[in-house]
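Trainee: Next one to model:
(chains A and B)
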Amino acid sequence: MEDILHVTLFTLGIAALSTVLIMPGGIGLAWLLARKRWPGKSLVETLVTLPLVIPPVATGLILLKLFGRHGPLGHFFAQILGVEIVFTWKAVVIATAVMSFPLLVRTARVAFEEVNPRLEQVARTLGAGPWRVFVTITLPLAVRGVLAGSVLAFARALGEFGATVMVAGYIPGETNTLSLDIYHLVQLDRDGPALGLLLISVALAFGAVWCGERLLRRRGS
Amino acid sequence: MSLVFQNVRLCTGAFSFELDTTCKGHVTGIFGPSGAGKTTLLEIVAGLRHPEAGIVRHGDTVLTDVAAGVQLPPERRRIGYLPQDGALFPHLNVRQNLLYGRRNGTPVSRIGSLEQVCVALDITAFTERRITGLSGGERQRVALARALLAGPRLLLLDEPLASLDAGHKAAILPYLQRIRAEFGVPLLYVSHHPEEMFVVCDEILVLANGRLAAQDAPPALFERTAEPHYCLRPVCPRPLPK
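Mentor: Prediction:
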């Protein structure tokens, strides 16, 4: 029972942390994609969408190569900052963040595109600089879509498996999330406890997606 | 008002806009058919569109000088802009909309206080209401008040009566006349309708296909043209409520 509580809280914590970490960059990128023209925009759009369409295990392998001890980012973290990434909880956060990032960006981008640009232009003529316009006009009018995207990203992070198992492995008490535990228990032929964790996973994901859908529907109305 | 356009040029797709003139009227009307470049002209003055060449100057202030690399951002021009639909911020109530142009700690407007402007435009009764509950005429008056309260040196009105029926138009026109008389803010006024021009403007620019076709005071301009749609049928502004 204690293990179940621990793994549930760990999964919730990882999903929450990864969602919070991707929000500033995700919201900023969504706004840039919705409102600005810049060289390389199509390339960035494609790169952002890639984790949605390539196998999660492949994304995990890319992350392993990047954050492994001999990878460019892993070397930087290990040698310069003295922080090991792979096969730790930090790798779980990175894997879930990368996998859920596209959901946040795509949903928030649509929300920003739906804000009438005329309102932003009029705010500028009333003396507001670009940052004030973003904070007082654009973001409040897009907030439901941005929150819905964040909730969907959180739900995606809750269920992440493929990329996580590649870059973080299954280390009990260190990297085991609900989905990794379910897989491990099924491998051990312990279907009963696996079913219990499955129900918790479904309940959490259902709650998150339901909240996201409600936010999107209210925005639509 | 002295608003100078010196060899201003802007091309977007198949449309090209060129203007070389000076507006001297206190209220200058911009008249012409759809696609003539009326809104383009306003957006250039507001700083929302950047011309490819030329100079735009308002009084002593250079707003745009392409050759010198000067492009004053919209928030530093102090030029108010009222689009056709008013563009009120839907997540703010009337009062919050009105105060949006207020700068930190400074008086709301050099034109007048919030109360003065609200009284002049007859919106005191609904300053706490939500935007969604306002009629078309009320929305336009709030948008007008909001633009005035930001203390503009020039106010751009882009067909402010276009979305209103004849009754509401007749009700709003006196407020525009009052702005002209009481607050002394120069106006650039875009419209399809000569009768509005006749009531409000003291100078008119006629645009056609992105070029200046004529420029004069309203009576002289409309008298000398044979174009049937220039025929004046002045509307009678409804008296303002006391």
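Trainee: touching chain B at all, the helix or strand bottoming out on mean pLDDT in chain A?
Mentor: Taking mean pLDDT, DSSP states H and E as the measure, the helix or strand of chain A with the lowest value is helix A:191-220, at a mean of 85. No. Using C-beta under 8 Å from any C-beta of the partner chain, helix A:191-220 stays clear of chain B, with a minimum separation of 12.1 Å. Backbone N, C-alpha and C define where each C-beta goes, glycine included.
Trainee: Now do the biggest helix by length in chain A against helix A:191-220, angle only.
Mentor: The longest helix of chain A (DSSP state H) is helix A:2-35. Counting by axes from the mean of the first three to the mean of the last three C-alpha atoms, to 10 degrees, helix A:2-35 lies at 30 degrees to helix A:191-220.
Trainee: quick revisit: and the least confident helix or strand of chain A, what's buried?
Mentor: A:193-194, A:197-198, A:200-201, A:204-205, A:208-209, A:211-212, A:215-216, A:219 (16 or more other C-beta atoms under 10 Å in any protein chain shown).
Trainee: Check which helices and strands it sits against.
Mentor: Identification of packing neighbours for helix A:191-220 by 3 or more C-beta pairs under 8 Å, 6 or more residues apart in numbering or on different chains; DSSP states H and E yields helix A:2-35, helix A:139-159, helix A:178-187.
Trainee: Repeat the analysis, applying 10 Å as the threshold.
Mentor: For helix A:191-220, the packing partners by 3 or more C-beta pairs under 10 Å, 6 or more residues apart in numbering or on different chains; DSSP states H and E come out as helix A:2-35, helix A:89-113, helix A:139-159, helix A:178-187.
Trainee: how about low-confidence regions in chain A?
Mentor: Applying pLDDT under 70 to chain A flags the ranges A:1-2, A:218-221.
Trainee: Enumerate the residues of it near chain B.
Mentor: Residues of chain A lying close to chain B by C-beta under 10 Å from any C-beta of the partner chain are A:116-130, A:132-133, A:136-137, A:140-141, A:143.
Trainee: repeat that with 8 Å
Mentor: A:116, A:118-119, A:121-129, A:136-137, A:140-141.
Trainee: Pull out the buried members of those residues.
Mentor: If you count burial by 16+ other C-beta under 10 Å, the buried members of the residues of chain A next to chain B come out as A:119, A:121-128, A:136-137, A:140-141.
Trainee: Dump those residues into JSON lines; add secondary structure as well.
Mentor: Shown next, in JSON lines, are those (DSSP: H, G, I helix; E, B strand; the rest coil):
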{"residue": "A:119", "secondary structure": "helix"}
{"residue": "A:121", "secondary structure": "helix"}
{"residue": "A:122", "secondary structure": "helix"}
{"residue": "A:123", "secondary structure": "helix"}
{"residue": "A:124", "secondary structure": "helix"}
{"residue": "A:125", "secondary structure": "helix"}
{"residue": "A:126", "secondary structure": "coil"}
{"residue": "A:127", "secondary structure": "coil"}
{"residue": "A:128", "secondary structure": "coil"}
{"residue": "A:136", "secondary structure": "helix"}
{"residue": "A:137", "secondary structure": "helix"}
{"residue": "A:140", "secondary structure": "helix"}
{"residue": "A:141", "secondary structure": "helix"}
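Trainee: Before I go, just wanted to say thanks for your time.
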